[in-house]
Structure formats: structure tokens, C-alpha cells
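[1] Have a look at this prediction, sequence included:
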Amino acid sequence: MSEAESSERIGRKPTIDDILALSGPATPHFALQLRGRIARLIDGLDPSDPVRRLGERELERLRQLAAAGEQRGTGSVETLPKMESLAPAAPAEE
């Protein structure tokens, strides 16, 4: 459905199940798109709302998944080195 919202969610308050349905099967490749959908879903909810609180936790989890969860390439072909993750490199130990 791309970035469009499911028609069954339109016009009603989002639920915890809605958040889990979007974020549960997330992969690094689609994490940022799902993050955008969840952000729109919880926009306008009271900060104390449990759906909003779960949504905010999932937004952070999806951000991390998008940056660090991707294993780009295998490095198995000698002429093609493994691509680095989008996550910042850990500082070198001294």
C-alpha cells in the first residue's frame, strides 16, 4: 500500500495493535517508510496515551534498525568488498 494508510484505520483512533501490525515485520530496508507511517498514526495523540508511547518507542527502534540492522553485501566476491553499515562506526579502543 506504499505510504497510504489502510482504509480500515481511517477515521478511528489508532490502537496498540495498529502500531504492532506496522512495526512487527519491519526489515532494515523498509524501516524508514514504516517509521513515517507510525509517526503520522500517532500524530495528535496525547503524550500520555499508551498508543503514542509505544509508537514513540517503535519510532526509535525503527530508526536504529534502518541505520544498524542492514548487512550490506557479503564481501564474498574478491573484487567487491563488503559495504559498511549506515550506523556510525564504534570508536577504536586504545
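    Now that the structure is in, tell me what you want to look at.
[2] For the longest helix seen in the chain, enumerate the helices and strands it packs against.
    The helix that spans the most residues within the chain, counting by DSSP state H, is helix 50-68. Here helix 50-68 touches helix 16-23, helix 31-42, going by 3 or more C-beta pairs under 8 Å, 6 or more residues apart in numbering; DSSP states H and E. No exception for glycine: its C-beta is placed from N, CA and C like everyone else's.
[3] Is residue 55 in contact with residue 41, as I believe?
    Yes - if you go by C-beta atoms under 8 Å, residue 55 and residue 41 touch, sitting 6.5 Å apart.
[4] Find the residues that touch each one of the two.
    Common neighbours of residue 55 and residue 41 (criterion: C-beta atoms under 8 Å, 6 or more residues apart in numbering): 14, 19.
[5] Against residue 39, how distant is residue 25?
    18 Å (C-beta to C-beta, to the nearest Å).
[6] Show the pLDDT at residue 65.
    pLDDT for residue 65: 87.
[7] who's in contact with it?
    Residue 65 touches 26-28, 31, counting by C-beta under 8 Å, 6+ apart.
[8] List the ones among these that fall in helices.
    Filtering those for helices - DSSP H - leaves residue 31.
[9] Can you pick out the most distant pair from the contacts of residue 65?
    Distance extremes for the contacts of residue 65: the farthest pair is 26 and 28 at 8.0 Å, using C-beta to C-beta.
[10] number of nearby residues for residue 58?
    23 (other C-beta atoms under 10 Å).
[11] surely it meets residue 18?
    No - taking contacts as C-beta under 8 Å, residue 58 lies outside contact range of residue 18: 10.9 Å.
[12] returning to what we had before: of residue 25 and residue 39, which one has the most company?
    Shown here are residue 25 and residue 39; by other C-beta under 10 Å, residue 39 has more neighbours (14 against 9).
[13] my guess is the more buried one contacts residue 62, does it?
    No - using C-beta under 8 Å, residue 39 makes no contact with residue 62, being 9.6 Å away.
[14] Quote the end-to-end distance of stretch 25-38.
    13 Å (C-alpha to C-alpha, to the nearest Å).
[15] Would you mark the buried spots in it?
    For stretch 25-38, the neighbour count (16 or more other C-beta atoms under 10 Å) marks 26, 28, 31, 34-35, 37-38 as buried.
[16] Sounds good, over and out.
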